[in-house]
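Colleague: quick one, what's the 3D model for this:
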Amino acid sequence: MSLVAGRVRTAKYLLQPTAGQRVRLDHLVWQQRKLYNRALEERRKAWQEEGRSLSRYEQFAGLSPATPASRGAGASTASPIPTPRAGG
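Modeller: Here you go, the predicted model:
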C-alpha cells in the first residue's frame, strides 16, 4: 500500500493456500469471529445492564495473553477458544 498525492492505493492478491494452509486459515478466521462476537456481546451487556459504553482499552485489559511462555512453565498450550467441530 502506498500513499500518492493524498490517496491510498491498494493492491489485491489472490490467495491460493494449500489444503493444510486452508485448514489453518479457516481456523484463524473462526477464532477471530468468536473473539469479535464475544467482545460485541460484552459491549451490549454493559450497555443494557449498566447504561455505559466499554472502550476498546477496557476490553483489551480483560484479555489474557495467549502465548505458552506467558502462561508459565508446564502450562497447557491449548487455545482458550475452543476448536471448531467438523461440519459445524
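
Colleague: and the top helix by length along the chain, what does it pack against?
Modeller: Criterion DSSP state H: the longest helix present in the chain is helix 19-50. Contact analysis of helix 19-50 by 3 or more C-beta pairs under 8 Å, 6 or more residues apart in numbering; DSSP states H and E lists helix 56-61 as its packing neighbours. To be clear about C-beta, it is placed using only N, CA and C from the backbone, and glycine gets the same treatment.

Colleague: which residues sit against the helix it packs on?
Modeller: Helix 56-61 has contacts (C-beta atoms under 8 Å, 6 or more residues apart in numbering) with 39, 42, 43.

Colleague: now, of those residues, which are buried?
Modeller: 39, 43 (16 or more other C-beta atoms under 10 Å).

Colleague: adding pLDDT, write the contacts of helix 56-61 out as TSV.
Modeller: Formatted as TSV, the contacts of helix 56-61 follow (pLDDT from 0 to 100):
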residue	pLDDT
39	91
42	92
43	93
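
Colleague: which of the contacts of helix 56-61 sits closest to residue 33?
Modeller: residue 39 (10.9 Å; C-beta to C-beta).

Colleague: Throw the contacts of helix 56-61 into JSON lines and include distance to residue 53, thanks.
Modeller: Shown next, in JSON lines, are the contacts of helix 56-61 (distance: C-beta to C-beta, whole Å):
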{"residue": "39", "distance to residue 53": "13"}
{"residue": "42", "distance to residue 53": "11"}
{"residue": "43", "distance to residue 53": "7"}
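
Colleague: what residue ranges in the protein are flagged as low confidence?
Modeller: 1-5, 66-88 (pLDDT under 70).

Colleague: residues in contact with residue 39?
Modeller: residue 59.

Colleague: gap between it and residue 26?
Modeller: Distance of residue 39 to residue 26, given as C-beta to C-beta, to the nearest Å: 21 Å.

Colleague: helix or strand for residue 53, which one?
Modeller: Residue 53 is part of no helix or strand, with elements assigned from DSSP states H and E.

Colleague: what's the closest non-adjacent residue to it?
Modeller: residue 47 (6.4 Å; C-beta to C-beta, 6 or more residues apart in numbering).
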